[in-house]
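A.B. asks: pasting the structure only:
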């Protein structure tokens, strides 16, 4: 048994639903009690979908348990086939049905339906949502392609000649973070390289699209949490190469273009020709990030301490962007994606960090509280943590919220995605010029601590959808050690008074630094001099 | 003499700078003292331009006044011509130089330069920035086209035949609100209609582009504040028709497409064929606004009271969107653009309102305080007012701030612009589902008044650049009449206690309504019953 | 039943003529039309409803010293989180003890594991005085005995913390039945009193509770207790002199359990709308023996004020057709309010569970023509919605947007359990909830 | 001058060997290299600098009971607004009386108009005790007599409000000279004292003022007054026993005006960096007669702590070349700090105005090789920048991004007047301001 307050991922059958809801002609029959229908609203409300997800639930009740629950499954399958006429049927069970062992998938297989049936085993007591999505996609693709397997030995495909290269985009799903917009950006990049899109799977795909997957020359493994197992199988079974780089951030996008161009035998210069790494002008990139990050008002961003947590794909990319493209200092990096823990550990090592691999919300909260970063890049969970601790935050990863599905085009992949990222992540932090004006005005009676300034996120500026949390502009002191430990040093009245002279947006840090300094040195009472000793000790 | 605290517009010579800085091969020599060079930073910092604006200042000093300030002008013109080699020279004066009457423009004209010289008269003591921009553009276009005028009588041009129609886009400028991105959207629309862009003037235009203006079939008057005088002159002098609709909002974009298609003899169905007004599905429009606005979580937006103020173009469009596309109630509409006051008065009349035409910040502030709207759509000025009054706000118009020039593509015109608007304007308002959950949680000790909820703007959600201000989540009561008048009724302790039970995001309104109710009825003391009498009296 | 008739006699006249009828049980109502048997369509098929765990979302907020520990699966945790929205910035006072393979395979003793988790949890949260162990579908299927677990833990933890248990499982309960089960669990530990009192049963927002408390005080009725109270460890008492006034139609099991403790149920419609509120208060007043004059003096001004406020929304709703899908068991009282005070035409009123004993007084007030449906076959029901094309469809959040996309106007039903809607002061708010979607559709021109 | 020599004797050793030299006036400094005449490049051409009005942005914040009313044009209003940023949510304590055509055409009596505006303004703002009328380019060209206006208004408004006037016009003043003119205006109304005291001249952030006040107290120096004080109506006094300690290098006119009131200027470098702060304090202490031992005891720990903090930034800055464009007159003291304590190599130090009497003590400490420039021809100066390709260029916000786009690293100078940079505790902050752009450029890999 594991105590859980908030959870990063739903159960594996929700992953299966995400695959079914992504596709155009697939139906999922779930052997599940009525309460499990809650999951429909994830699609209709978070993504504001204008149709029900293609899922039929058996909604068995206690009174059915003694009876013929297997009959319920067959009836549901028959009804769904008739009413929804899918091209392929997924059949699985939620946690409760798993316990009553009706073997819904096998039952459906035995019905000799006129469409392919994919029985799903979704171990609800050991696996989670992302695994369920990946497993469902993998089983679905294997089922559809079972008759198309080339005879061994499988040869790795080379660069195509005599025609335009073709690629599949694998992994975008319903309820994925910004998938809707990211695939547009990836399509744009491939188009600029002269690469045709053979199929995008599973988002908005048909079963026919899945059947055509082997027509492509290679696979773009866009969301490894969902599509890596499928991409690996396609590589093994069909010899199709796959990409390793995820194009999030300017640097990764450039790397992705180079990788894809190599796989396709295309000229990367069609895109990279206009990229001038290291050159600080507005014309140095298709993204505005490199120039905006060098604009002198961004100097203030330098060395901001950032904590990164999310799924593996977005967390790894975020850490690279934070460090190399925005000039932050990454002080923590972690993921709830245990399946890709190794990759996150490697990325953390390049930042000189040990990765935090956990799906325990409380552990993440504790890590953030201890590190006291200036910015948190995380999921909606971390947004709550950051809000509570008075730390700025931007959302970079699922699990998503309705705010993460904005009306406007809001990719995080590709060059346009980097622009979105620049706005979204820098916005919660104070903008250079305004901060320094503020610094001067801090004692002004008209500009008291309670009145947030226009540079603060809640007062405007480029926030990407659902993303920013303002640091607490509280007159009271956020994140003081006194909030957490009983043995924090005491402040003299003069010390407190001096602390109040420090602008509110750095006061929390000053307080914390001073208290830590005092604790480490066994100073029981913090005077004005302790404050300045600590200031001299710590970098600004 | 007029007392001014904050000003919506700069002096007219800043308008001239905006035209010069918009273009690629024009230089402006300004007869002006050193202090006026501050205006350079508007371009390099607000727009993060990577080059200096093409402006040379004479920077005369007091000691020069007795001497040859005219000589300074000539020297500056000569130096600028040599150093910057422009294709056209604008010469004007700022306020101080106007007083010393050196006639800088005439002086330059008399120098027989090898490039066209446009002398500018910019009456600093009666005109303002937008006028200066319009005047400069108009003079520049007339000068360049002086030799191309057709002989009279001028015939109004008809629909072209035998070739693709061609249009000019007039009006986008440096420091204009979202011009950079809006013209991309307008180009996209015209491209979908099969209309070629002949020239975009002045943003990123060359003198050669200006010379080619008559090659187009008609003009798109995108920013009437800047381009109407030029468009009208081109209509009179060349018989070129011009557009009247500005494509901001879904409805206006559809109207614009119809208007442009008629002028071009194009088939509007190329764009409007996929538009299904009044149909609520995700596929009913190229914009997500119609569906998102009908999504049940948007029900909460219905009837929110909105105050609109800005330049005429954006204010008129905003009022229409607010009323017809988001379901708000427009309670105030105004502009600082006196040149287009009539149009704003007409728009206000359709909302049953009298327009507020003023450039006095204090007057606008007073109007907002009295109307106590739930959302302000305004300029950065109104953002400050709204912030102070604890009202939600989104920015819709110049004057702009660095936050209004985000890295990401952020149009407000066209279908993509409508998407941006949906996110930006609804974000500061509470999102339906979350609000109602909140309503339940308001008494919870963990969810006290001071802890803003995730639905509040400072906690994230789709904010367009530089735009949103959260309503004050203060436990203290914003906008009570007591803040403004000395004779506000007193609250009994029980009344205050009951008021505190009302969720904080509607408490301010409840307090204000109750006090107004009490005042109007001569009730001196507000009891619990007064509170509920007022609640029953006012709509929810 | 006579109390009900009494309560209804002087209710506000309906906004539109709505013939009352004879309830199947045969009780005549004044002015009633000829006896028509109640038409109930019973359906079985896919149900699109929440399970009883959802009630935790409002119960844990009402009782700020209680913790709700679901013993279940990741699905349970995900459900509550999704229903609550991701909006709570504090460590929540609910959680899930997620069963893992080890528990199922018998590698771990589930009982020992549960004890460990409870003790750890309570150490971390010294502010908790009451711990609810909440059964789920998986815990019931594997027959994990939470009653025994509660007993075991109480032996260890009382008096600092009391441990209770109930089922919120989706194979046993639908949505609001979770509250009923939770309150029933509480009812077993209420102290006994022989004092004459009124006990209001059903979770109400504090602001509504305060309003009712003021009215009862003005009527001279006291003490009036509420179940649940604001703190789980401040238990109201119950006994033979206790009159039970039911604030919610879904707490039948609790009411029956309290009746077994000797309390007397005061039959009444529910306090939704002006008419319902007056009838509900009148039933209490009559049972208490409040003089009719005093009752009028206290309630008439409140009712008049509320009537004026409700009237604002009648033009928008009068004559509009309404289709309610099953959700919270609030459907029948709300349909009564919408039909009688706002003149809506009822096409179908769905309820997940029709507990006649609980809605007798309501059914009496419904128009004879109403089609009531119990249970659900969601696809067939949606076929009926599409055929009827109602002006307003009340349904769950999983269905609302899809129906909007079909051109139907919807009101998502969960708002009705998350918003203060009881009593006079909220009557207009309740009307506005249904008027707003229609207002919106009329406004939008895009 | 001897005081300066004294002040410098035991200054912290420079972080890198930086040869001092003989100032042109011929005063030897200990350890100085042979006498080299000061090389000053005087330029005339387009100046890219703010006018004196800009000082209002910090002056009005320091004196919270003062209002600054510019008499000028829309340009003046736009300048201050642009310099201040659009970030202030309150009604500001500065404004512009904008001249209109009517005023210029003589249709309105500008004096009467001004009086009307002032009276209206002060009625609206009862919290204002001091009103500064600030002259601008237009008001000076049309010769509007603000001194007379102030006299007129004082006759009407004193004692509730005192009206002062000064010029912030761009044809007379550059940037920080606006503060000088404002303080000189204040200096004319300071009361006279015969008490022995120190008067620190120059607008300082309160936190810095408090730090200095603590040090003076520890040294036994009191009273110490500051000009401006935190409230404009709490005027410090001045007199023959007053020692003037200059905190900013640009307040020469104020210093001379106070000297005419009998006060004695204590020559010293400015309190930037550890060395400058120690020298400045030593000058004051010597003039006051503080025993050297006491001075050491008080300052040595502070200086040592600050030196450690500054040292953190030396690796980033040592040996890096620096080009300063003219801006605030802070350039020379800051160049001294950067050269001597951080080991930067000075390529050119531009200043809008070289007031030798004010920077004597600083010039003594500058390396002999430095190129100083006074005034500006911005295009030629940028040509020199491009030729030199300095590691760091300090310039205004109109130039910073264009230079960055040419691959140069810049520090925007206005931060230096908007940030607390004086004194020991801010010495490291000051170093960090210059180190940060270099740090950033090293970090970015995109």
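C.D. replies: Structure's in. What do you need? Nothing here was measured: the structure is a model prediction, and the numbers come from that model.
A.B. asks: check contacts around residue 194.
C.D. replies: Assuming you mean chain A. A:164, A:165, A:264, A:266, A:267, A:270 (C-beta atoms under 8 Å, 6 or more residues apart in numbering or on different chains). (Each C-beta comes from the backbone N, C-alpha and C, glycine too.)
A.B. asks: um, chain C though
C.D. replies: C:239, C:240, C:241.
A.B. asks: Let me see the contact set for residue A:12.
C.D. replies: A:122, A:123, A:124, A:127, A:128, A:129, A:131, A:132, A:135.
A.B. asks: how close does it get to chain D?
C.D. replies: 38 Å (C-beta to the nearest C-beta, to the nearest Å).
A.B. asks: so what's the backbone phi/psi at residue C:372?
C.D. replies: Backbone torsions of residue C:372, given as degrees, to the nearest 10, read phi -100, psi 140.
A.B. asks: and if you look at residue A:303?
C.D. replies: Dihedral angles (degrees, to the nearest 10) for residue A:303: phi 80, psi 10.
A.B. asks: quick one: the residue nearest to it when sequence neighbours are not counted from residue D:165, how far?
C.D. replies: Among residues not flanking residue A:303 along the chain, residue A:329 sits closest, at 5.2 Å (C-beta to C-beta, 6 or more residues apart in numbering or on different chains). As judged by C-beta to C-beta, to the nearest Å, residue A:329 and residue D:165 stand 50 Å apart.
A.B. asks: More neighbours: which of those two?
C.D. replies: residue D:165 (22 against 15; other C-beta atoms under 10 Å in any protein chain shown).
A.B. asks: contacting residues around that one?
C.D. replies: D:132, D:133, D:134, D:135, D:146, D:147, D:149, D:150, D:185.
A.B. asks: Which of the residues you listed has the largest number of neighbours?
C.D. replies: Highest count within the contacts of residue D:165 by other C-beta under 10 Å belongs to residue D:134, 32 neighbours.
A.B. asks: Is that one bridged to anything, and to what?
C.D. replies: residue D:70, residue D:166 (DSSP bridges).
A.B. asks: Which residues of the stretch 251-400 of chain A lie near chain C?
C.D. replies: Within the stretch 251-400 of chain A, the positions near chain C by C-beta under 8 Å from any C-beta of the partner chain are A:362, A:380, A:381, A:384, A:387, A:388, A:399.
A.B. asks: swap that for the stretch 101-250 of chain A, please
C.D. replies: A:123, A:124, A:125, A:126, A:128.
A.B. asks: Do me a favour and get the backbone dihedrals for the second one.
C.D. replies: For residue A:124, the backbone dihedrals are phi -70, psi -20 (criterion: degrees, to the nearest 10).
A.B. asks: Count the neighbours of it for me.
C.D. replies: 27.
A.B. asks: How about it: what's its closest non-neighbour residue?
C.D. replies: residue A:95 (3.6 Å).
A.B. asks: again, but for the first one
C.D. replies: Residue nearest to residue A:123 in three dimensions, not counting chain neighbours: residue A:12, with 6.8 Å by C-beta to C-beta, 6+ apart.
A.B. asks: Residue of the stretch 101-250 of chain C closest to chain A, please.
C.D. replies: residue C:170 (2.9 Å; C-beta to the nearest C-beta).
A.B. asks: That residue is in contact with residue A:34, isn't it?
C.D. replies: Yes - between residue C:170 and residue A:34 there is a contact at 4.9 Å, judged by C-beta atoms under 8 Å.
A.B. asks: between those two, who's got more neighbours?
C.D. replies: Counting neighbours by other C-beta under 10 Å for residue C:170 and for residue A:34 shows that residue C:170 has the greater number, 36 against 25.
A.B. asks: Local confidence estimate at that one?
C.D. replies: You'll see residue C:170 listed with a pLDDT of 95.
A.B. asks: Then residue A:6?
C.D. replies: Reading off the model, residue A:6 has pLDDT 87.
A.B. asks: what's near enough to touch it?
C.D. replies: A:361, A:381, A:384, C:77, C:81, C:86, C:92.
A.B. asks: Local confidence estimate at the first one?
C.D. replies: You'll see residue A:361 listed with a pLDDT of 89.
A.B. asks: Contacts for the helix or strand hosting residue C:315, please.
C.D. replies: Applying DSSP states H and E as the criterion places residue C:315 in helix C:314-317. With contact meaning C-beta under 8 Å, 6+ apart, helix C:314-317 is reached by C:15, C:338, C:341, C:342, C:343, C:344, C:431, C:434, C:435, C:438, C:439.
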